[in-house]
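A predicted structure for the sequence below; I have some questions about it.
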Amino acid sequence: MGAKKAEAKAIEALLADLNEPQREAVCHGDGPLLVFAGAGSGKTRALTYRIAYLIEACGVAPESILAVTFTNKAAGEMKERIRTLIGDRAAALWAGTFHSMCARMLRRHGRAIKVEPNFVIFDTPDQMALIKEALSVVDVDQKEFKPPDVHQRISAAKNELIGPTEFRRTRKGPFDEIVGRAYRIYQEKLAQNNALDFDDLIMRAVQLLREAPEVREHYQDRFGYVLVDEYQDINFAQYTLVKLLGEKHRNVCVVGDDDQSIYGWRGADVGIILDFEKDYPDAHVVKLEQNYRSTQRILECANEVIAPNRGRAPKRLWTDAEPGESVTVYEAVNEQEEAYYVASCISRAVQERRRPYRDFAILYRTNAQSRVLEEAFLTQGLPYRIVGGVRFYERREIKDLIAYLRVLLNPADSVSLRRIINVPTRGIGDKTVAVLDRLAYENAGSLLEACRAAQGSAELSARAQAAVERFERMIARLSEQAQRLTVTKLTNNVLEQSGYLEMLEKDGTAESAARAENLKEFLSLTQKFEQSHEEASLSAFLEHVALLSDIDESDDSENAVAMMTLHSAKGLEFPVVFMVGLEENIFPHQRSMRDERELAEERRLCYVGLTRAQEQVTLTHCRRRTIYGQTQECEPSRFLKNLPEEHVERYDEVSRLFATEPKMEELAQAPVGGAKLDLVSILRRARENAVLAREREKEERKAASTKMAAARPGRPGTTMSAGERPKRRTGKMRAASQGYQGFRAGEKIIHPKFGKGIVVSCTEAEVTVAFPDQGVKKLSLDYAKLERASSR
DNA sequence: GGTTATGGATTTTTT
DNA sequence: ATCCATAACC
């Protein structure tokens, strides 16, 4: 009786959360649907609510819905949000990345196109190793034909579904001639290793659907509804895949924003989203233009920055929120001073406005720019975290360990075998490996088989033979264990029996200790995996690892300022955003200067950066900057010229001071008592006065303008509207102060091995410490025996 | 077989 | 300036 009523009520409640265009997208029934979702317009909300609506209101079975994203993070978030909407029924829908979906299809049905179900997935370094091998077969100079360049060409070809044969037929020119030959050999080598690279996953999945009619039918029938997120990032191969899957029911819903297309350089084609209506003339088009994230002024700036681009789908972000503060443009003397300025602004805001550090993000165009910022933060003792950068699974020790595990699962994986055959060193040098390689080639077998064949053969010295035999026996022993032990136990045994841990321990350097720590971390990962997965087999684990990018996904509950590239910032939001290095040749980047299309992409990148901010934006640029050891005069970025003056406040007093008083700079750089006197310390007083004056001015103005407004709860500058809520408030609540188990940012400590260091940040479980000689390390509070250095 | 010197390049990143 | 790869060394 009440069940129907309750359900109707639930649906009503669902729709009440939405604005008009969102509701239009969510309630659209059958047929193709294109949703242009501007930045901060509640895109994920529309997508997840639509899925919930299809299931709840339209009675669509969850298992007939396919939702595809590009990253694991996005897929995870989507699943989680749908689960909160409809509960455990969400588990039945297919929600995943393009790559995981393809891997799944290929494992199940790949046999039809001669893909073994137990294939391994080669990541970038594996791929590079194979490319190098292929190039040495082609016998060309690898300085002229650089592996990354060749790989890039092959990858681009795969993204366009062009195989080696077609490549050689259609691509002419001296470079592509070589690439074509390398491509063929590269594919052969992948097959020998029973491996697919990332691009193969998509390309072969398309091939599977094209060439195996019964498989195509199966999936076309199954997926009554196909939804794709971030459609502006799609490449031709992925597009073809989506088209094939959706061909039967034509219930294809794509969501994206052409203005946020920033991955053209890796094959994404904005044209695809813009041409959606060409493929589906009957497509319903919805535009989400109301923004729930930023203040009016920030949106005005973003709108003006993106406006000059041609060929956009017309749209303009708007908001109900208040105008908010002006966008600040600050001219710094050089990059050190720029960093110092940003650090001081944040430090001041934390103290005076009681904002936590985690409210701030600093965005830059290139990774190299982070260093100066880090130095400024370290000297000022401010906590920060770098988002992106070196990934956990790319660290050498982790790759080594994974290589061991891969060999145990897939004895044909010669790339992994070569990686570990002499790690730790066990007397199997390049010469021995070369002989083994030849044996493998002659017998058309794997490298591991060659290790067996080498026994008793006259090809190797007795010593080499003994070493190879010992190695082969160890692998055989571990392989046997792999059959019956859990992944964690097996991993433990690998570390012990291979001598890997022993090698690190013997080394005794701080770096080795850090590596050992990382391996421990890996063990906690295998445990977590076993707890959370039904089928915790070695192969399931390795697939999990291969398709997962950031195992140690930076913990955004950590109270620290986030630093990252503009690319990494996509999809995130922060109350306060600093974008640094807004100079010609930096942003837009020098390499994009020649090409109109690339310049348009840089502009979109700037738009993405601006639209990350909820309340405040500061853009900085330098008068001078040292690049590659060369100091240059820098021109402000063209993007700064597009900002509407009425929403901008420009500050360049400090740098003007230096322009008018050149002696001051000379003085600043003159050596004093053998050491260079810090420019920054000279500047400090001048700028602090300027900043103080400015803050005072701002406060006064705000006091005047808000006098009549009624006191309202919540932070100034944002409006919480029903549609969208800031994501980051929901995380674990932590004490607002930074000191957890005693350590706070800036504190000086002593580590038994690494010596003196400065605490960068500290959470409940671990503390990040910068050591002058060893770099920045994360230490577990349980293990690390840290002592306070008596500072005075 | 492991370690140090030289040369060359040096956007962005996911899977 | 600095990082990485390869090449010449011990």
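Here it is on my side, so go on. Numbers count the residues shown, from 1 in each chain, chains lettered A, B, ... in the order given.

what about the longest strand in chain A?
strand A:613-622 (DSSP state E).

where does chain A have low pLDDT?
Of all residues in chain A, those with pLDDT under 70 make up the ranges A:1-3, A:389-392, A:394, A:507-511, A:548-557, A:653-748, A:752-785, A:787-792.

quick check: residues of it near DNA strand C?
Near DNA strand C, the residues belonging to chain A are A:132, A:142, A:628, A:629 when assessed by C-beta under 7 Å from any atom of the strand. From N, CA and C alone the C-beta is placed, and that goes for glycine too.

quick one: residues contacting residue A:636.
With contacts defined as C-beta atoms under 8 Å, 6 or more residues apart in numbering, residue A:636 is in contact with A:331, A:582, A:583, A:584, A:621.

helices and strands around the helix or strand containing residue A:576, which ones?
Using DSSP states H and E, the element containing residue A:576 is strand A:574-579. In terms of contacts (3 or more C-beta pairs under 8 Å, 6 or more residues apart in numbering; DSSP states H and E), strand A:574-579 is packed against helix A:335-353, strand A:360-364, helix A:596-610, strand A:613-622.

in TSV, list those along with mean neighbour count.
Formatted as TSV, the entries for these read as follows, by neighbours: other C-beta atoms under 10 Å:
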stretch	mean neighbour count
helix A:335-353	20
strand A:360-364	26
helix A:596-610	22
strand A:613-622	26
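
from the contacts of residue A:636, which two are the most distant?
With C-beta to C-beta as the measure, no two of the contacts of residue A:636 lie farther apart than A:331 and A:584, at 13.7 Å.

angles on the backbone of the residue in chain A that DNA strand B sits nearest to, please.
For chain A and DNA strand B, the shortest gap (C-beta to the nearest atom of the strand) falls at residue A:429, measuring 1.9 Å. Per-residue torsions, residue A:429: phi -90, psi -180 (degrees, to the nearest 10).

which SS state does the residue nearest to it when sequence neighbours are not counted fall under?
When the adjacent residues along the chain are set aside, residue A:429 lies closest to residue A:422, with 6.8 Å between them (C-beta to C-beta, 6 or more residues apart in numbering). Each residue gets one of three states, and residue A:422 gets coil by DSSP: H, G, I helix; E, B strand; the rest coil.

what about stretch A:124-141, near DNA strand B?
Yes - on the criterion C-beta under 7 Å from any atom of the strand, stretch A:124-141 is in touch with DNA strand B at residue A:124.

now do the buried residues in that stretch.
For stretch A:124-141, the neighbour count (16 or more other C-beta atoms under 10 Å) marks A:126, A:127, A:128, A:129, A:130, A:131, A:132, A:133, A:134, A:135, A:138 as buried.

what helices and strands are in contact with the helix or strand hosting residue A:496?
Counting by DSSP H and E, the element that carries residue A:496 is helix A:487-497. Taking 3+ C-beta pairs under 8 Å, 6+ apart as contact, the helices and strands that helix A:487-497 lies on are helix A:396-409, helix A:462-484, helix A:510-532, helix A:538-547.

run the last query once more with 6 Å
The helices and strands touching helix A:487-497, judged by 3 or more C-beta pairs under 6 Å, 6 or more residues apart in numbering; DSSP states H and E, are helix A:462-484, helix A:510-532.

could you check the angle helix A:396-409 makes with the last one?
Using axes from the mean of the first three to the mean of the last three C-alpha atoms, to 10 degrees, the interaxial angle of helix A:510-532 with respect to helix A:396-409 works out to 50 degrees.

what packs against helix A:510-532?
Applying 3+ C-beta pairs under 6 Å, 6+ apart, we find helix A:510-532 packed against helix A:396-409, helix A:487-497, helix A:500-507.

would a markdown table of those with distance to DNA strand B and mean neighbour count be doable?
Conversion of the helices and strands packed on helix A:510-532 to a markdown table gives the following (distance: least, C-beta to the nearest atom of the strand, whole Å; neighbours: other C-beta atoms under 10 Å):
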| stretch | distance to DNA strand B | mean neighbour count |
| --- | --- | --- |
| helix A:396-409 | 12 | 21 |
| helix A:487-497 | 18 | 19 |
| helix A:500-507 | 9 | 16 |
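
quick one, which of the ones you listed is nearest to residue A:597?
With distances scored as C-beta to C-beta, the stretch of those nearest to residue A:597 is helix A:396-409 (35.3 Å).

name the helices or strands packed onto that closest one?
If contacts are counted by 3+ C-beta pairs under 6 Å, 6+ apart, helix A:396-409 sits against helix A:414-420, helix A:462-484, helix A:510-532.

how about those in CSV, adding mean neighbour count?
Compiled in CSV, the helices and strands packed on helix A:396-409 are given as follows (neighbours: other C-beta under 10 Å):
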stretch, mean neighbour count
helix A:414-420, 24
helix A:462-484, 15
helix A:510-532, 17
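
residue A:150 is nearest to which of those helices?
Taking C-beta to C-beta as the criterion, helix A:414-420 is the member of the helices and strands packed on helix A:396-409 that comes nearest to residue A:150, at 16.6 Å.

is there proximity between the closest one and DNA strand B?
No - for helix A:414-420, no contact with DNA strand B is found by C-beta under 7 Å from any atom of the strand; the gap never falls below 12.7 Å.

and the contacts of that helix?
Contacts to helix A:414-420, defined as C-beta atoms under 6 Å, 6 or more residues apart in numbering, come from residues A:126, A:129, A:193, A:400, A:403, A:404, A:406, A:407, A:446, A:447, A:448.

any idea how far the first one lies from DNA strand C?
What it means is residue A:126. From residue A:126 over to DNA strand C the distance is 13 Å, taken as C-beta to the nearest atom of the strand, to the nearest Å.

list the contacts for that residue?
By C-beta under 6 Å, 6+ apart, residue A:126 lies in contact with residue A:415.

C-terminal to the helix or strand where it lies, what's the next element?
Element membership for residue A:126, per DSSP H and E: helix A:124-138. Per DSSP H and E, helix A:124-138 leads on to helix A:147-159 as the next helix or strand towards the C-terminus.

report the buried residues of the following helix or strand past that following helix.
Scanning forward in sequence from helix A:147-159 by DSSP H and E, the next helix or strand is helix A:164-170. Across helix A:164-170, burial judged by 16+ other C-beta under 10 Å covers A:164, A:167, A:168.

is it true that the last one touches residue A:179?
No - under the criterion of C-beta atoms under 6 Å, residue A:168 is not in contact with residue A:179, lying 9.2 Å apart.

before we move on, the earlier item: report the buried members of the residues of chain A next to DNA strand C.
With neighbours counted using 16+ other C-beta under 10 Å, the residues of chain A next to DNA strand C contain these buried positions: residue A:132.

tabulate the residues of chain A next to DNA strand C (JSON lines), appending distance to residue A:572.
Putting the residues of chain A next to DNA strand C into JSON lines (distance: C-beta to C-beta, whole Å) gives the following:
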{"residue": "A:132", "distance to residue A:572": "36"}
{"residue": "A:142", "distance to residue A:572": "38"}
{"residue": "A:628", "distance to residue A:572": "30"}
{"residue": "A:629", "distance to residue A:572": "33"}
